[in-house]
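Peer 1: output the structure for:
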Amino acid sequence: MPLGGLQHFTIEPQDLEKTKEFYCDVLGLENGDRPPLDFPGYWLYSGGQATVHLMGTRKPRDGIVVRGTEKKYEDTGRLDHIAFAATDVEGVRKRLQSKNVTFREQIVPRTGDTQIFLYDPDGVGVELNFPKS
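Peer 2: Residues are numbered from 1 along each chain as shown. Purely as a prediction, here's the structure:
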């Protein structure tokens, strides 16, 4: 059973609106079409794909574990970070600085690609990968 490409990842943020603003306003994802599910949330698109799903509070029911959003997680457990392919490293650098987002940057040995690392409002690590120009 070979797997295809990663379709999306889902976050249950502590603050749904703040997290949506981060992924849209800071990272440039687009808030897009989402089925009429019975709980609040957003589907955020990158390159036409609903890459990031944000889930608001859900009601418990069979097969659904509701973790709740009252706890601010100190880390992302075994998940270290998620990564996006990106372009315009200088533009992204300026955008992050203008929004006072803390990030670190490094050059990948041998390839010369640039990587930018930052955290979303819930501490989920985000990696942005820029090919060597």
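
Peer 1: so for the top helix by length along the chain, what's the average pLDDT?
Peer 2: When the chain is scanned for its longest helix (criterion: DSSP state H), the result is helix 89-98. Across helix 89-98, the average pLDDT comes to 96.

Peer 1: any buried residues in that helix, and which?
Peer 2: Judged by neighbour count using 16 or more other CB atoms under 10 Å, the buried positions of helix 89-98 are 89, 92-93, 96. Placement of C-beta: from N, CA and C, glycine included.

Peer 1: so which residues make contact with that helix?
Peer 2: Outside of helix 89-98, the residues that reach it under the criterion CB atoms under 8 Å, 6 or more residues apart in numbering are 26, 28, 86, 103, 105, 114, 116, 118, 128, 130, 133.

Peer 1: what are the boundaries of the helices in this structure?
Peer 2: Along the chain, the stretches classed as helices by DSSP H are 16-21, 89-98.

Peer 1: closest to residue 51 out of those helices?
Peer 2: Taking CB to CB as the criterion, helix 16-21 is the member of the helices of the chain that comes nearest to residue 51, at 13.3 Å.

Peer 1: tally up the residues packed near residue 4, please.
Peer 2: Residue 4 is flanked by 5 other residues according to other CB atoms under 10 Å.
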